[in-house]
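Trainee: next input, structure requested:
(one chain, ligands or ions: 1)
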Amino acid sequence: MSIEYDPFSTEAMRDPHPIYRELRAEGCPHFVEKRRAWALTLYDHLRTASLKNEWLDFTPGQTPSQLMLGEKGPHTFMTMNAPENRKWRGILEPFYAAGAVERELPRIRSLIESEFDQLRGRETFDVYRDFANRVMCLNAGYNLGIDRETAIVARDLIDRMILNRVPGQEGASTPDSQQAAGELGGILHQHVQRMRADPAAGGPQGIALRDAEVDGIRLTDEDLLAYLFSLLVVGSETTPMAVAGTLYYLAQHPEQKAMVLADHSLLPKAFRETCRYDQPTNMLARRAAKDFELGGAQVKAGDNLLFLYASANRDESRFEKAENFDINRENKGDMSFGIGAHFCLGAALAQAAAQIMLKSMLHAMEDYEVVEEECERAFGEHLNGYIRMVIRPRWK
Ligand code: HEM
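Mentor: Sure thing, here's the model as predicted:
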């Protein structure tokens with residue numbers, strides 16, 4: 001019997017993994033008739049398709065609701081096809097290369113330390129909301145010349161826009177999410193005006209985008225706003241989920257937690273294993289640009305394509321005992337940051353910042369426990385992970 005799978009069903013939005021397990025067992029991409037979409041669940045299929053630029057059309061949108069529900073998304077290199085996307089992406093790449101991130105570490109470390117100082121001594125705190133999400137949003141704000149107070153307001157608006165699904169709701173368009181999007185748009189519109197009036201306004205990345213010219217073209221106000229909006233969103237949600245998840249899954253596996261508490265150099269492995277095991281970017285979307293065959297599926301030009309990263313990262317044919325959280329596993333090229341022309345721009349930043357955040361927490365604690373009843377996971381088709389994760393530290 002064919003498996004019932006709809007990415008917008010309550011069941012899939014609550015916990016997709018049982019369905020992904022069944023879909024992987026089919027051994028080929030699964031067609032979701034209702035959405036005219038092929039769900040790619042296996043590691044090899046995702047990898048092969050990601051490297052075939054000629055198969056993929058990103059212009060209808062990179063998120064499931066943009067692709068399948070026609071929600072309007074910001075126009076940036078994220079929704080451009082290769083090789084066109086490289087031109088605008090290339091303006092930002094110098095800021096995100098490993099060496100550039102390394103040079104930024106003193107500033108990032110001091111941001112993290114000053115945020116963490118406000119939490120020291122508290123009986124409990126929320127790793128996502130009180131710490132990691134705040135740090136990442138303030139960092140994204142710095143890059144775009146957005147002041148601290150505004151970045152914190154923006155962070156709350158982003159959460160309201162993205163993490164707003166309720167069972168039965170398809171897509172993001174609730175009155176509250178529309179209002180939050182409108183408010184954020186208003187704030188960023190004013191910021192764009194400031195950047196136009198003052199050559200020094202916009203932070204290093206905002207200024208680079210404003211002043212860049214590609215094929216003789218400069219970004220319009222609307223384009224610039226789309227870039228600011230996208231960079232704030234992608235820079236502030238996923239990393240905090242994975243930081244919170246790292247402490248959560250270590251607490252679930254006391255012997256692994258004991259190893260990490262005794263040796264903090266294991267933190268990068270623990271973070272990377274969390275990204276594999278509980279992939280924050282559950283799925284991303286594209287449309288087929290031409291007819292092609294993949295793993296027995298006859299994909300037609302115009303079909304929707306769902307790249308189920310969270311499933312590929314638990315593909316048993318790639319990862320031994322894939323359903324187990326194990327920080328000691330060899331990283332055999334997980335899919336956590338994607339691959340190909342749309343590989344995660346922020347991969348080096350995410351890993352460096354996460355490592356510093358996790359280290360500062362564990363340096364200050366003998367141990368910690370998770371307050372399970374004060375944990376909450378994102379509910380939705382696009383992002384996976386903890387958006388509330390309260391711990392009770394035993395401070396040193
Ligand atoms: C644990 C944290 C993160 C994870 C797991 C993650 C994951 C991913 C994945 C899987 C993609 C590929 C998208 C696709 O296939 O369509 C992606 C793209 C992207 N990521 Fe990340 N990301 C993380 C953090 C960040 C951060 C901190 C930034 C900061 C700027 C960032 C910026 C981007 C951008 C701009 C893209 C789009 C690249 C393009 O379309 O050319 N990410 N990310």
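Trainee: what mean pLDDT does the helix or strand where Y248 lies get?
Mentor: Taking DSSP states H and E as the criterion, Y248 maps to helix 238-252. In this model, helix 238-252 has a mean pLDDT of 98.
Trainee: show me what contacts the residue lying closest to L56 once chain neighbours are set aside?
Mentor: Leaving aside its sequence neighbours, L56 sits nearest to R286 (CB to CB, 6 or more residues apart in numbering; 4.6 Å). For the C-beta atoms, the positions are set from N, CA and C on the backbone; glycine is no exception. With contact taken as CB atoms under 8 Å, 6 or more residues apart in numbering, R286 is in contact with 56-58, 60, 62, 67, 304-305, 307.
Trainee: between those residues, which is nearest C28?
Mentor: L305 (13.7 Å; CB to CB).
Trainee: make sure the closest one is indeed in a helix.
Mentor: No - looking at L305 with DSSP: H, G, I helix; E, B strand; the rest coil, it is strand, so not inside a helix.
Trainee: that one reaches L40, doesn't it?
Mentor: Yes - counting by CB atoms under 8 Å, L40 is a contact partner of L305 at 6.7 Å.
Trainee: overlap in contacts of the two?
Mentor: With CB under 8 Å, 6+ apart, L305 and L40 have common neighbours A49.
Trainee: so which of those two has more stuff around it?
Mentor: Higher neighbour count among L305 and L40: L40, with 29 against 23, using other CB atoms under 10 Å.
Trainee: ok, the more buried one - contacts?
Mentor: 29, 46, 49, 294, 305-308, 312.
Trainee: and it, what pLDDT?
Mentor: L40 is given a pLDDT of 98.
Trainee: in the stretch 51-200 of the chain, what residue comes closest to the ligand?
Mentor: M78 (3.8 Å; CB to the nearest ligand atom).
Trainee: how about the closest residue to that residue other than its chain neighbours, what does it touch?
Mentor: Using CB to CB, 6+ apart and skipping residues adjacent in sequence, the residue nearest M78 is Q62, 5.2 Å away. Applying CB under 8 Å, 6+ apart to Q62 gives the contacts 73, 78-79, 284-286, 342.
Trainee: now do G99
Mentor: Contacts of G99 by CB under 8 Å, 6+ apart: none found.
Trainee: got it, and G168?
Mentor: With CB under 8 Å, 6+ apart, G168 has these contacts: T10.
Trainee: again, but for T274
Mentor: Counting by CB under 8 Å, 6+ apart, T274 makes contact with 242, 245-246, 249, 325.
Trainee: ok, now with 10 Å
Mentor: Taking CB atoms under 10 Å, 6 or more residues apart in numbering, we find T274 in contact with 241-250, 280, 325, 327, 336, 354, 358, 385-386.
Trainee: within reach of the ligand, which of these are there?
Mentor: 242, 280, 336 (CB under 6 Å from any ligand atom).
Trainee: closest one to D15 out of the residues you listed, please.
Mentor: P280 (14.7 Å).
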